[in-house]
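[1] Any chance you can model this:
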Amino acid sequence: MTERNDIGVMIEEIEATPQMVADKLPEFMAELQRRSPLFEGRHYTKVYAVGCGDSLYAAQAAQYAFMKNTGLPCQACEALEFCRYDVDYMPAGALVLVISYSGTVARTVECARMAKRAGATVVAITGKERGALAQTCGEAVVYHIDSRGFAPGTISFSASLLMLYACSVALGRANGYLTPDAAAAQHAQLAALPAVLRSALAVGRAPALAAAERYTGLKDFTIIGAGPNLAIAHYGAAKLIEGGEISGTPQELEEWAHIQYFTTQQRDCVVVIAPAGRCCSRAAELLAEMRFLGCGSVLVGTGDAGDLPADFALLAEDGVDEVYTPLVTGLLCALFAYSLSLASGKQTYDFPSQQIEEEHYRTIHHSAFRPEAEEVAP
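    The predicted structure is shown next:
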């Protein structure tokens, strides 16, 4: 049967995400309980979360949850940066989580080899228990999701992020940083997210489509965020590129005022990711600057727009801990990207040619390792 690649795949996976979170959270917790020897009785000094593409953005979005729930420093690393540079300065006692649902990406396999060579505990976060990544790591936390076809990754990103959140709680409980009651409170926050996601989609559809219709034809957006949502600026930019072949430029919230401010024109649009939390006051100031410059703005966040003067607002209900808001803001950014694709008349997600598709996957899955990695048995 031919895999679907129509535009409906993306919105179906977006709409399936709340139920996926509700269904998979207990499964993920059970998998982590099964893998509890990876966490209990271990004295880790630092956590690394490593990946490429959406896996990287999930790692970046989750690093604050790891620090909050484990009391350990956590560093999210792009895979090439880790295996070619950061691994050489990794402290003893590190836990390295290498994230790839397919388990076949060359760079993440190289990360696993180099981390093992350096003496770290290396764990694959993957959907393929017998994939190259899991086999290389030797240890794996495995999860499964259902895909409806070929489309920009949305439900897969949400599942990866949810698993990392659950990992952070499991590790914090195992190392004693979280008391049983504190761990239960964090699990309760995660269990409350499906209702927030459902509400966010219901409320967000109309403003997402209205914003998309306003900015149809615009080929370059800037997406800004801070803290755990800087990762979602990168993820949101990726969904614009993948979903609508629209250039998305991610930037840190404050840095927009120092860089893109000088090139922003009235025809431009800035997507501001600012859920209730520590960056809201600065987001309000920058949205006022955007209004002064005359450019468009789309706010993605939680709570009442209040003092945030955006042209359009995609808002989920308040009450989500800021460290967990990327699961919500990521879904709303995906909804906006889909809406832009729909408004522009896009009908399918595909490569320009089979040759380009084959070359794309070849460069990701078949790439030379650094010489030291070749010395490590797969």
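
[2] in a helix, that's where residue 315 is, yeah?
    No: applying DSSP: H, G, I helix; E, B strand; the rest coil, one finds residue 315 to be strand, outside a helix.

[3] Quick check, it in contact with residue 303.
    Yes: counting by C-beta atoms under 8 Å, residue 315 touches residue 303, with 6.6 Å between them. (C-beta placed from N, C-alpha, C; glycine too.)

[4] what about those two, which has more around it?
    Using other C-beta atoms under 10 Å as the criterion, residue 315 and residue 303 rank with residue 315 on top: 25 against 17.

[5] If the more buried one is in a bridge, with which residues?
    residue 301 (DSSP bridges).

[6] give the contact list for it.
    200, 203, 204, 299, 300, 301, 302, 303, 304, 305 (C-beta atoms under 8 Å, 6 or more residues apart in numbering).

[7] One more: residue 105?
    Residues counted as contacts of residue 105 (C-beta under 8 Å, 6+ apart) are 52, 79, 133, 364, 365.

[8] in the helix of greatest length in the chain, what's buried?
    Longest helix in the chain by number of residues (criterion: DSSP state H): helix 8-34. Buried positions in helix 8-34, judged by neighbour count with 16 or more other C-beta atoms under 10 Å: 8-18, 20-21, 24-25, 28-29, 31-32.

[9] for the stretch 201-350 of the chain, what spans make up the helices?
    230-244, 253-258, 280-293, 326-343 (DSSP state H, counting those that start in this stretch).

[10] out of those helices, which comes closest to residue 170?
    The closest of the helices of the stretch 201-350 of the chain to residue 170 is helix 326-343. By C-beta to C-beta, the value is 17.2 Å.

[11] Extract the C-alpha set from that closest one and format it as CSV.
    Provided in CSV are the C-alpha atoms of helix 326-343 (Å, rounded to 0.1, in the frame of the first residue of the first chain):
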residue,chain,number,x,y,z
PRO,A,326,7.2,23.3,24.8
LEU,A,327,4.8,20.4,24.4
VAL,A,328,2.0,22.9,24.1
THR,A,329,3.7,25.7,22.1
GLY,A,330,5.2,23.1,19.7
LEU,A,331,1.8,21.8,18.8
LEU,A,332,0.5,25.4,18.2
CYS,A,333,3.5,26.2,16.0
ALA,A,334,2.8,23.0,14.0
LEU,A,335,-0.8,24.1,13.7
PHE,A,336,0.3,27.5,12.3
ALA,A,337,2.7,25.8,9.9
TYR,A,338,-0.1,23.5,8.6
SER,A,339,-2.5,26.5,8.3
LEU,A,340,0.1,28.3,6.1
SER,A,341,0.4,25.2,3.9
LEU,A,342,-3.4,25.0,3.6
ALA,A,343,-3.8,28.7,2.9
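
[12] Now do it against helix 230-244, angle only.
    20 degrees (axes from the mean of the first three to the mean of the last three C-alpha atoms, to 10 degrees).

[13] Please name every helix or strand in contact with the helix or strand that comes right after helix 326-343.
    Counting by DSSP states H and E, the next helix or strand C-terminal to helix 326-343 is helix 354-365. Applying 3 or more C-beta pairs under 8 Å, 6 or more residues apart in numbering; DSSP states H and E, we find helix 354-365 packed against helix 106-117.

[14] so what does the helix it packs on touch, helix or strand wise?
    strand 46-51, helix 79-84, strand 94-99, strand 121-126, helix 132-137, helix 354-365, helix 371-374.

[15] Name the stretch among the ones you listed that sits most buried.
    Stretch with highest mean neighbour count among the helices and strands packed on helix 106-117: strand 94-99 (a mean of 27; mean count of other C-beta atoms under 10 Å).
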